[in-house]
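Q: Okay, here's the prediction I keep looking at, along with the sequence it came from:
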Amino acid sequence: MLIDGMERWGAFIEANASWAEVILFLCAFAESLAFVGLVVPGVVLIATGGALVASGALGFWQVYAAIALGAVLGDAVSYWLGRVFGDRVPAVWPFRQRPELLERGSRFFLRHGGKSVFFARFLGPLRPVVPITAGMMAMPHHSFQTANLLSAVIWVPLMMTPGFAIAKGVGIDELLSGATATPAASRNGGDRPCVLAPPISGQPSRC
């Protein structure tokens, strides 16, 4: 669950605040990297970065830069792995055990051409597969990097938004402490209890 994961990773990053940017960079890099990105919960970690920005614990631009750089380099390394190893990639884990992953990326690339690198950034199962496929199919380097950079610029704030919204709606202290988080209740008279709106809905408390 997104909030559960954010609780754990938010607490970890806050406990290692001096390494926050490095942690977020490595998370984005691993999430975009071929092979590794298939098992790393990068979306949760990046959303956690958004929550920490919303809380004021980290600055927006430092988080944005760390995540964007990690995402771009992850795709770039995947691309060069495909260029260097070519038709040997299917014999490497995890594609050896799950060849359908590479086949899916190949079909997507053949259908959309160079645009597939841009689109795949926003499609979780294809994100760590299409860049290495593009390398295997010798997509021109400058075309790949253009799609890589443009997609990362847009993708990073989109991935940070859920964490930002949850932190603003729930309250970062409750989120990171693991308590049941709800917006602050306001009363419009008397001491009768408020009926709280769901924390993620963005609705105000109803008293």
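A: Structure's in. What do you need?
Q: List the contacts of G114.
A: Counting by Cβ atoms under 8 Å, 6 or more residues apart in numbering, G114 touches 134, 139-140, 143-144, 147. To be clear about C-beta, it is placed using only N, CA and C from the backbone, and glycine gets the same treatment.
Q: go again using 6 Å as the cut-off
A: Contacts for G114 (Cβ atoms under 6 Å, 6 or more residues apart in numbering) come out as S143.
Q: What would stretch 117-135 look like as CSV? C-alpha coordinates only.
A: Provided in CSV are the C-alpha atoms of stretch 117-135 (Å, rounded to 0.1, in the frame of the first residue of the first chain):
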residue,chain,number,x,y,z
VAL,A,117,11.0,5.7,-25.1
PHE,A,118,9.0,8.8,-24.1
PHE,A,119,5.7,6.8,-23.6
ALA,A,120,7.3,3.9,-21.7
ARG,A,121,8.5,6.3,-18.9
PHE,A,122,4.8,6.6,-17.8
LEU,A,123,4.0,2.9,-18.1
GLY,A,124,5.3,1.0,-15.1
PRO,A,125,5.8,-2.5,-16.6
LEU,A,126,7.6,-1.1,-19.7
ARG,A,127,9.7,1.6,-18.0
PRO,A,128,12.7,-0.7,-17.3
VAL,A,129,12.4,-2.7,-20.5
VAL,A,130,12.0,-0.3,-23.4
PRO,A,131,15.3,1.6,-23.0
ILE,A,132,17.3,-1.6,-23.2
THR,A,133,15.2,-2.7,-26.1
ALA,A,134,15.9,0.6,-27.8
GLY,A,135,19.6,-0.1,-27.4
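Q: So for it, what gets flagged as buried?
A: Neighbour counts over stretch 117-135 (16 or more other Cβ atoms under 10 Å) mark 117-118, 120-121, 126-135 as buried.
Q: State the mean pLDDT of it.
A: Per-residue pLDDT values over stretch 117-135 give a mean of 87.
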